[in-house]
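Peer 1: what shape does this take:
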Amino acid sequence: MRLLIDEITEEKRIDAYLADYMHNFSRAKIQNEIKKGAVLVNSKEIKPSYIVKEGDIIDIIIPADFSTEITPENIPLDIVWEDENMLVINKPSGILTHPTSIETSGTLVNALLYKYGENLSNINGEFRRGILHRLDRNTSGLLMIAKNNKTHEYLVDKMKAGKITKKYLAIVKGIISENEFVINKPIGRNLSQPHKMAVREDGKESISIVKVLERFKDASLVEIQLITGRTHQIRVHMASIGHPVYNDTLYGFGKTKIKTQEQVLEAYKLSFPHPYDGEIISLEISKDEKIEKVLKFLRS
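Peer 2: So this is what the prediction gives:
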């Protein structure tokens, strides 16, 4: 099994990293496998204390008692665009992008395996078949899927080079006076609450461009373009300037008069160079049910 580490949000030992991934293996068991030479990083043997880095290629000789099998499930897919190498889907709110050590069913990957079987990239392992980038469970919108490893590598390179544009719609708390501005604040793991991210001086560079589209009594509709793609970036950045995303209870929105499935945030615009002729594909979807529901409330 091979894993390509495409994003690291904190310093983590490889034994701890793999314990999160290999859900039916203890950390002690993984340490033993590493010591036996069954785990290579960039084709070299390492110690359990090795700190995983972005760009690392981890090769694992799968023990006989470890299963990476994910069950295909007949979950409907909203396909926005597709060709022989990739597709773009509109992920609904409430569904995980890929399985975790705790949840192995009901995710987008389960649905992709049902429809495409082995015709999905596997660079990031079986749990992330086809997955190039992620959206939070309760964030809806456009998501690229690679059908083969060559396309996966091509699109990852384009993302790193800034050739792929991702724009989001969000409703945030409070009236933002500026029409357009840049948030440039580094993001890292929240040390006191590890399930959250936070603005930290020692975090990774994180840049968001914010444009106000409409203002209400105590809220604003904004478009946010990601220049970088850190975990929870929009949610952390907007909360850091006192304008948390509507109903984002994890990042301090507080009580709301209208209930939605957590944060009112949608990836609604996407443009990328077509593999491999370079033609720019530009896609846009309409506002999702959460955004329309809150807008109707605010406008009334």
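
Peer 1: quick one: classify residue 258 as helix, strand or coil.
Peer 2: coil (DSSP: H, G, I helix; E, B strand; the rest coil).

Peer 1: next, count neighbours for it.
Peer 2: 13 (other C-beta atoms under 10 Å). Where you see a C-beta, it was placed from the backbone N, CA and C, and this is true even at glycine.

Peer 1: now it: closest residue in space that isn't a chain neighbour?
Peer 2: In space, and not counting its chain neighbours, residue 258 is closest to residue 297: 4.7 Å by C-beta to C-beta, 6 or more residues apart in numbering.

Peer 1: strands of the stretch 201-300 of the chain, start to end?
Peer 2: Ranges of strands in the stretch 201-300 of the chain, per DSSP state E, counting those that start in this stretch, are 207-215, 219-226, 265-273, 280-284.

Peer 1: and the ones you listed: which comes nearest residue 152?
Peer 2: strand 265-273 (12.9 Å; C-beta to C-beta).

Peer 1: what's the angle between the closest one and strand 280-284?
Peer 2: Orientation note: strand 265-273 sits at an angle of 160 degrees relative to strand 280-284 (axes from the mean of the first three to the mean of the last three C-alpha atoms, to 10 degrees).

Peer 1: re earlier: need the strands of the stretch 201-300 of the chain in JSON lines with mean pLDDT and distance to residue 2, can you?
Peer 2: Supplementary listing: those in JSON lines, determined by pLDDT from 0 to 100; distance: least, C-beta to C-beta, whole Å:
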{"stretch": "strand 207-215", "mean pLDDT": "98", "distance to residue 2": "31"}
{"stretch": "strand 219-226", "mean pLDDT": "97", "distance to residue 2": "28"}
{"stretch": "strand 265-273", "mean pLDDT": "97", "distance to residue 2": "25"}
{"stretch": "strand 280-284", "mean pLDDT": "97", "distance to residue 2": "28"}
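
Peer 1: pipe those strands into CSV and attach mean neighbour count and distance to residue 191 per row.
Peer 2: Shown next, in CSV, are the strands of the stretch 201-300 of the chain (neighbours: other C-beta atoms under 10 Å; distance: least, C-beta to C-beta, whole Å):
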stretch, mean neighbour count, distance to residue 191
strand 207-215, 17, 22
strand 219-226, 20, 24
strand 265-273, 22, 25
strand 280-284, 12, 38
